[in-house]
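Fold the following for me, if possible:
(chains A and B)
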Amino acid sequence: MAKKLPKVDVVIVGVGWGGGVIASELTKQGLTVVGLERGKERKTEDYFMVHDELRYALRYEMMQDLSKETITFRSKNSVRALPMRSYGSFLLGTGLGGSGVHWNGQTFRFLPYDFEIRSKTIERYGEKKIPDGMTIQDWGITYDQLEPYFDKFERMAGISGEENPLGGKRSQPYPTPPMKMTPSMKMFQEASKKKNLHPYMMPSANLSEAYTNPDGVSRAACQYCGYCERFGCEYGAKADPVVTVIPVAKKTGKFEIRTHSQVRRVLHNGKKATGVMYTDITTGEEIEQPADIVVLTSYVFNNVRLLLMSKLGRPYDPTTGKGVIGKNYAYQVIRGGAVGFFDDKEFNLYAGAGSLAMCLDDYNGDNFDHKDLNFIHGANISLSQLGLRPIANNKVPEGTPSWGKDFKAASIKYANRFLSVGAQGASMPFKHHFLDLDPTYKDVYGDPLMRITYDFEEQDRQLAAYCADKCGEIVKEMGASSKIEINKKLGPYDITPYQSTHNTGGVIMGASPETSAVNNYLQMWDAENVFVVGASAFAHNSGYNPTGTMGALSYRAAEGILKYRKSGGGSLV
Amino acid sequence: MVVLAQTNNGNDQPVSRRNFLKNSGLVIGGLVVGGVAGSLIKKTPAPAPTQPGATPAPAADFNQALMYFTPEQFKVVDAACERIFPEDEIGPGAKALGAAYFIDHQLAGDWGFNSRDYMQGPFYPGEVTQGYQGRLKRREIFDIGIQEMNNYSTSTQKKRFYELPPEQQDAVLKAFESDEVKLTTISASAFFKMLRASTLEGVYSDPLYGGNKNMDGWKMRNYPGNQMAYTQVIEQDKFVKMAPLSLRDHQH
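Residues are numbered from 1 along each chain as shown, chains lettered A, B, ... in the order given. Okay, the predicted model is just below:
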């Protein structure tokens, strides 16, 4: 028999970016919020010894413990799904701040095109442009409607950047100037300008200068130490929920965080949630937390999984295309890039920051003509300098053996003498890409694991090849003195090599309950007091990192929750 | 003004955490202080870092003792690592860097036990794109792999792996890498991949793990290790060499 606690206004499940933004906005308005976080507490002081590639980057110190919980994967229905037993393709965060602590800080806004992708594709190319089975749909919100929330997230995080010449309209400039520019970024800038492209400094959550945000949070500037991705920031320079929104919520006295609390069910009466049930993982005790409003703010997979396990919302059926929970899972196309080797030049590649890059959107979204191309959307193309760490970065020219004397000589020679230009390709949803509960494999609590059914499509292969050529042209212009390698080939989707932690979809937003799970306030169509916040709301994935858009949607959801609370019920749209 | 140590003018001091914080003008204030700056400044000063590049006086290395391997297993792994990353005119190889000790120590801990991997059944062979689906732990894979390397060497060359001349050792490793050796329990190439990856880890991870002895792995490729900041380096066109720092310099 579960222990039942006193009711609170709002319970949030997962305290990362989504949970942190929701908690700070609601507690500022006087609501009492309980945040349930399965992982441990985290502080900036935890990262005194963070410059440890083995522990953090290769042994996944900050990631979810897969022995307790993982996902299963299959390429299609006819294949048996098997568990992801160790990390590869993507990294799942856990603990206070979630993945928002070990991210790179690349903070884009999706393009206006993204939010109306289906309408705009049909308008420009006709309905036939959309291939069979591709389930793109408009998001039920426009870029212009979302713009104030993008701005709010950027001001809170102190994003350092300059205006994207091909991006959506901004109401005001970024709150802090762009990061410092490295020699290789200058080369990319000059080369792409010569090709009449539109390079700009990547918007960065690694602060370019000391900054105090509208909540009064002061943070130090980035030191370019080269340990961002997969690491926490010892300076608090990289915006994360632990150094921004969580302390703001805590300061109100209205936010209680319970760590080591694994939420396992949303409790409901079919129309409305009554609270959540969680396990205190330190004791094994089951606890019921009643609440007026339940907000799911965990990572994509757990948002979807929790709804399916709780039998809340209509599960997606890939044979009929009906149902919404688990629909439109999307990923990203990271293959497709070019590498240049420089015999006569050595770069300070050990230095860098997670979001230190020069990039361009000339081949992203619908910024270029797709009439004669067999794909829609595109990729953000960039040259980044994140800090090359020595175990994971041993690039050698093709044809070099992978071990022995020649390998050693080439890997050391080129350790600081190669530059890559890469493409982050958009992933479009298909009818047969989806998330559901695995029938066989369970987590340590006996609950079913999330099952992913996904593979790359012809669209992705065409996109990767196209972008690889564009990257190659830029590298050529940059004047690589030795070899240039163009990586065009996209094999089947493989869960083993790291690609991108940009998994999206499953609880998508839209204008109609027929085709989406949540409305444009991220309020569930099927349960008005449940809000599902995260990249799970993305109806497709863009050629960008998701956090900026996810952060904007979080502010939008917070506003919706406050409206809902005030109006005393009902659907917000 | 922060000055970073550079080996090409040997007098500069590396940036200590404390001096860095004092000098770089971190803003502390506002309602909520993000970052570690506040708590650090209250702390007692850390001991000064050792002179960059200075080789510690030779002393017994108490870390170089076997936690997992038998001496026989160690000899096989030590020899194999050296072929993967050999000593040459550029600098030391895996043996001198202690890569096999690194692997031994890793196998004795969490990684060797796959303690953070999903190891529950049922076990089914999967497609290559589904990743490792075996029930063996890494330490068991090493046990079998090492044994099979000796078996293969003995049956083809009448000698144990580490007794073979380097060219023949290479031939054995290639036979494993290409799955020319057929093993019943594990994939020879997957074992080779693991051996290769952990050799590189032993060569380039922080010396606190028992490899990368004296940071010589880092020095070979001009990797500066654990520095506090590259603010003064990041825009420079010229390559900046500096003596590496290890996490030992960051202690307590």
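
Please make it C-alpha for all contacts and neighbour counts, starting now.
OK.

Does residue A:393 touch residue A:417 like I think?
No: Residue A:393 lies out of contact with residue A:417 (CA atoms under 8 Å); the separation is 11.6 Å.

which residues of the stretch 101-250 of chain A fall in helices?
Using DSSP state H, counting those that start in this stretch, the helices assigned to the stretch 101-250 of chain A run over residues A:112-115, A:117-125, A:143-157, A:183-194, A:245-251.

and what of the stretch 151-252 of chain B?
In chain order, the stretch 151-252 of chain B shows helices spanning B:166-177, B:188-204, B:216-220, with DSSP H, counting those that start in this stretch as the criterion.

And for the stretch 351-500 of chain A?
Secondary structure of the stretch 351-500 of chain A (DSSP H, counting those that start in this stretch): helices located at A:405-413, A:458-478.

For the longest strand belonging to chain A, name the packing helices and strands.
Scanning chain A for the longest strand, with DSSP state E as the assignment, gives strand A:285-296. Judged by 3 or more CA pairs under 8 Å, 6 or more residues apart in numbering or on different chains; DSSP states H and E, the packing partners of strand A:285-296 are strand A:3-4, strand A:8-13, strand A:273-280, strand A:527-532.

closest one to chain B among the helices of the stretch 101-250 of chain A?
Go through those one by one with CA to the nearest CA and the one that ends up closest to chain B is helix A:183-194, at 5.8 Å.

so what does the closest one touch, helix or strand wise?
Helix A:183-194 is packed against strand A:357-360, strand A:379-384, helix A:458-478, with contacts defined by 3+ CA pairs under 8 Å, 6+ apart.

what about residue A:393 and residue A:417, which has more around it?
In this view residue A:393 and residue A:417 are compared by other CA atoms under 10 Å in any protein chain shown, and residue A:417 has more residues nearby, 21 against 13.

Let me see the contact set for that one.
Residues counted as contacts of residue A:417 (CA atoms under 8 Å, 6 or more residues apart in numbering or on different chains) are A:341, A:342, A:343, A:345, A:346, A:347.

Tell me which of the helices of the stretch 351-500 of chain A sits most buried.
Looking across those with neighbours counted as mean count of other CA atoms under 10 Å in any protein chain shown, the highest average goes to helix A:458-478: a mean of 22.

That helix and chain B, are they touching?
No: counting by CA under 8 Å from any CA of the partner chain, no contacts exist between helix A:458-478 and chain B, the nearest distance being 15.0 Å.

any idea of the pLDDT on the closest residue to residue B:215 other than its chain neighbours?
Using CA to CA, 6 or more residues apart in numbering or on different chains and skipping the chain neighbours, the partner closest in space to residue B:215 is residue B:207 (6.3 Å). Each residue has a pLDDT score; the one for residue B:207 is 97.

Go ahead and measure how far stretch B:126-142 is from the middle of the chain.
The offset between the C-alpha centroid of stretch B:126-142 and the centroid of the whole chain comes to 22 Å, using CA atoms, centre = their mean, to the nearest Å.

Give me the mean pLDDT for it.
Stretch B:126-142 shows a mean pLDDT of 97.

Now tabulate the helices and strands packed on helix A:183-194 in TSV and tack on mean pLDDT.
Below are those laid out as TSV (pLDDT from 0 to 100):
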stretch	mean pLDDT
strand A:357-360	98
strand A:379-384	98
helix A:458-478	96
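
Just put those in TSV and tack on distance to residue A:205.
Formatted as TSV, the helices and strands packed on helix A:183-194 follow (distance: least, CA to CA, whole Å):
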stretch	distance to residue A:205
strand A:357-360	12
strand A:379-384	14
helix A:458-478	25
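
Settle this for me: residue A:90 is touching residue A:498, isn't it.
Yes: taking contact to mean CA under 8 Å, the distance of 5.8 Å between residue A:90 and residue A:498 places them in contact.

For the two, indicate the residue with more neighbours.
residue A:90 (16 against 13).

wait, what's in contact with the more buried one?
Listed by CA under 8 Å, 6+ apart, the contact set of residue A:90 reads A:495, A:498, A:499, A:500, A:501, A:502.
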